[in-house]
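**Student:** coords below, sequence missing:
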């Protein structure tokens, strides 16, 4: 597998070249400036990558966040928020053990 494109794009292309283009267009539309800036969306994407435990996604979104001018502190705080959400969701599921 070539390393010039992220794996999701490679997979979409392997299925159908039009699917790769559609995936790329969808990603662009979602990540462009809107009510949230691309910079803010990039930090959200990084946090989501941490929450779903996707190492490749984390590295890709970290690189994009750096390109968007995010500081190391901002990147680490976004990751910490994701970790806290995962902790909270774990405690939520664990709380079902308290039911009688």
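**Tutor:** Cool, got the structure. The shown structure was predicted, so the numbers you read here are calculated from the model rather than taken from an experiment. Numbers count the residues shown, from 1 in each chain.

**Student:** Spell out which helix or strand contains residue 64, please.
**Tutor:** In the assignment (DSSP states H and E), residue 64 maps to helix 55-67.

**Student:** what's the nearest residue to the residue positioned nearest the centre of the chain if we skip its chain neighbours?
**Tutor:** The residue lying closest to the centre of the chain (CA atoms, centre = their mean) is residue 45, at 3.2 Å. Distance criterion CB to CB, 6 or more residues apart in numbering; nearest residue to residue 45, sequence neighbours excluded, is residue 61 at 4.7 Å. C-betas here are computed from N, CA, C, even on glycine.

**Student:** mind listing what the one you found touches?
**Tutor:** Residue 61 is in contact with 42, 45, 46, 49, counting by CB atoms under 8 Å, 6 or more residues apart in numbering.

**Student:** I'd say the first one and residue 68 touch.
**Tutor:** In this case it means residue 42. Yes: at 5.0 Å, residue 42 counts as touching residue 68 under the criterion of CB atoms under 8 Å.

**Student:** So which of those two has more stuff around it?
**Tutor:** residue 42 (25 against 15; other CB atoms under 10 Å).

**Student:** in what helix or strand does that one lie?
**Tutor:** helix 38-51.

**Student:** Could you name the helices and strands sitting against that helix?
**Tutor:** Judged by 3 or more CB pairs under 8 Å, 6 or more residues apart in numbering; DSSP states H and E, helix 38-51 is in contact with helix 17-31, helix 55-67, helix 72-94.

**Student:** Please find the angle between the direction vectors of the second one and helix 72-94.
**Tutor:** Computed by axes from the mean of the first three to the mean of the last three CA atoms, to 10 degrees, the angle separating helix 55-67 from helix 72-94 equals 140 degrees.
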